[in-house]
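> model the following, please.
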Amino acid sequence: MKKTLFTALMSLALLALFCGCCKEGGAPTKSSNPAVNQAESTPEAAKAFLESGDFTLIVGLDASFPPYGFQNEKGELVGFDLDLAREVARRQNWKIELRGIDWDAKDAELSSGVINCIWNGFTINGRENLYTWSEPYVDSSQVILVRKDSDIKTKADLAGKVVEAQVDSSGLKAIKDPSSKELLDSLKKLIEVPNFNQAYMELETGVCDAVIIDYGVAITLMATDNATRLLDEELVPEQYGVGFKLGNTVLRDTVQATLDEMHEDGTFTEISKKWFNGQDVTIRK
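Next up, the predicted model:
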């Protein structure tokens, strides 16, 4: 009997893991999105479901990645990418769920259908063959942030210094890439932290000497004080896109067509200026 009860509880737990989704401001809810896995249906059936009015766009995001997607002081999920996603959903007459996820688990969440896209300052470079991508829409190179009074002027000055980067971030991949081996070997220590907010605070308090960070995130954090600056040298260039499960071209194409409309009518630019201190950081192929 105990074994039967344990088995039942485990089944319920697994069901919750694979089906649970968090609505904005709501409790976990079972997702019903047959179009999230195009491989299990025909493109025609997937397209029909997207047009049925029953589809929910479930956006996976790192909820501590300003200005792309983050939790504000009221506990609301806000940001540049989330405004874009909301506008796409509005124009398509879709429901939308924003799901803060463990960034390390993003592939499992996408593969299982718990989310149906990753839309949160998501780097295309180096991941081109792992997802079905939208067109790149933001240039956001990996840059190096230091305290304003730091003696670090160039990448070479990082020798013997403590540097931080977010776990599973593009910056971390860049510093660990073979092309950066000489720079990595010169560091006193490379620390991996859960999010950029922690890295920024530890930079300010002197726990580390520099942070490898996305340009868009850096200029947002820098706008809150006058204590940091960027090195002139970039670590690596990169571009952001919306990542869908590999092969899910129907959902990708629908989202892309809507983003194209938003570029044409100026909505994309308006949302960019709202989140980037009046700057239009968007790009189009």
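> all helices for this structure, in order.
2-19, 43-50, 80-92, 106-112, 170-176, 181-186, 196-205, 215-222, 249-264, 267-275 (DSSP state H).
> distance-wise, check residue 256 relative to residue 59.
Distance from residue 256 to residue 59, counting by C-beta to C-beta, to the nearest Å: 15 Å. From N, CA and C alone the C-beta is placed, and that goes for glycine too.
> of those two, who's got more company?
residue 59 (27 against 19; other C-beta atoms under 10 Å).
> look up the pLDDT of the more buried one for me, please.
pLDDT, residue 59: 97.
> in contact with it, which residues?
Residues in contact with residue 59 (C-beta atoms under 8 Å, 6 or more residues apart in numbering) are 69, 81-82, 85, 96-99, 115, 117-120.
> and residue 228, what are its bridge partners?
In this structure, residue 228 bridges to residue 147 when assessed by DSSP bridges.
> how about it, what does it touch?
Applying C-beta under 8 Å, 6+ apart to residue 228 gives the contacts 145-148, 200, 203-204, 221-222.
> just the buried residues of the residues you listed.
145-147, 200, 203, 221-222 (16 or more other C-beta atoms under 10 Å).
> which residues touch residue 104?
When contacts are counted by C-beta under 8 Å, 6+ apart, residue 104 touches 167-168.
> on the pLDDT front, check it for me.
88.
> quick check: it vs residue 85, distance?
Residue 104 sits 22 Å away from residue 85, going by C-beta to C-beta.
> equivalent analysis for residue 199, please.
Distance of residue 199 to residue 85, given as C-beta to C-beta: 25 Å.
> ok, now residue 227?
In this view, residue 227 and residue 85 are 32 Å apart by C-beta to C-beta.
> if we can go back for a sec, who has more neighbours out of residue 199 and residue 85?
Comparing residue 199 with residue 85 by other C-beta under 10 Å, the one with more neighbours is residue 199, at 28 against 25.
> residues contacting that one?
Per C-beta under 8 Å, 6+ apart, neighbours of residue 199: 164-166, 193, 208, 211, 213.
> tally up the residues packed near residue 152, please.
If we define neighbours as other C-beta under 10 Å, then residue 152 has 18 of them.
> again with the one 10 residues further on
Burial of residue 162 is recorded as 17 neighbouring residues (other C-beta under 10 Å).
> can you check residue 177 too?
When neighbours are defined as other C-beta under 10 Å, residue 177 has 14 of them.
> tell me the pLDDT at residue 216?
81.
> from residue 249, how far out is it?
According to C-beta to C-beta, residue 216 and residue 249 sit 27 Å apart.
> which non-adjacent residue is nearest the residue sitting nearest the centre point of the chain?
What sits nearest the mean C-alpha location of the chain, by C-alpha atoms, centre = their mean, is residue 120, with 2.6 Å. Leaving aside its sequence neighbours, residue 120 sits nearest to residue 61 (C-beta to C-beta, 6 or more residues apart in numbering; 3.6 Å).
> wait, that neighbour sits on residue 98?
Yes: assessed by C-beta atoms under 8 Å, residue 61 is found in contact with residue 98 at 6.5 Å.
> now flag whichever of the contacts of residue 199 is closest to residue 242.
residue 166 (19.8 Å; C-beta to C-beta).
> count the residues that sit near the closest one.
Number of residues near residue 166 (other C-beta under 10 Å) recorded here: 25.
> could you do residue 195 as well?
Residue 195 has 17 nearby residues by other C-beta under 10 Å.
> swap in residue 128?
Residues near residue 128, counting by other C-beta under 10 Å: 9.
> coming back round to it: verify the stated contact: the residue nearest to the centre of the chain with residue 60.
Yes: Residue 120 is within contact range of residue 60, at 7.3 Å (criterion: C-beta under 8 Å).
> residue 275 against residue 78, yeah?
No: contact criterion C-beta under 8 Å: residue 275 and residue 78 do not qualify, at 9.0 Å.
> higher neighbour count, these two?
Taking neighbours as other C-beta under 10 Å, residue 275 and residue 78 compare with residue 275 leading, 21 against 17.
> show me what contacts the more buried one?
By C-beta under 8 Å, 6+ apart, the neighbours of residue 275 are 67, 79-80, 83, 220.
> mind putting the residues you listed into CSV with neighbour count?
Shown next, in CSV, are these (neighbours: other C-beta atoms under 10 Å):
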residue, neighbour count
67, 24
79, 25
80, 25
83, 20
220, 21
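> for those, could you give me CSV that also reports distance to residue 132 and pLDDT?
Shown next, in CSV, are the contacts of residue 275 (distance: C-beta to C-beta, whole Å; pLDDT from 0 to 100):
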residue, distance to residue 132, pLDDT
67, 25, 90
79, 23, 96
80, 22, 96
83, 23, 98
220, 28, 79
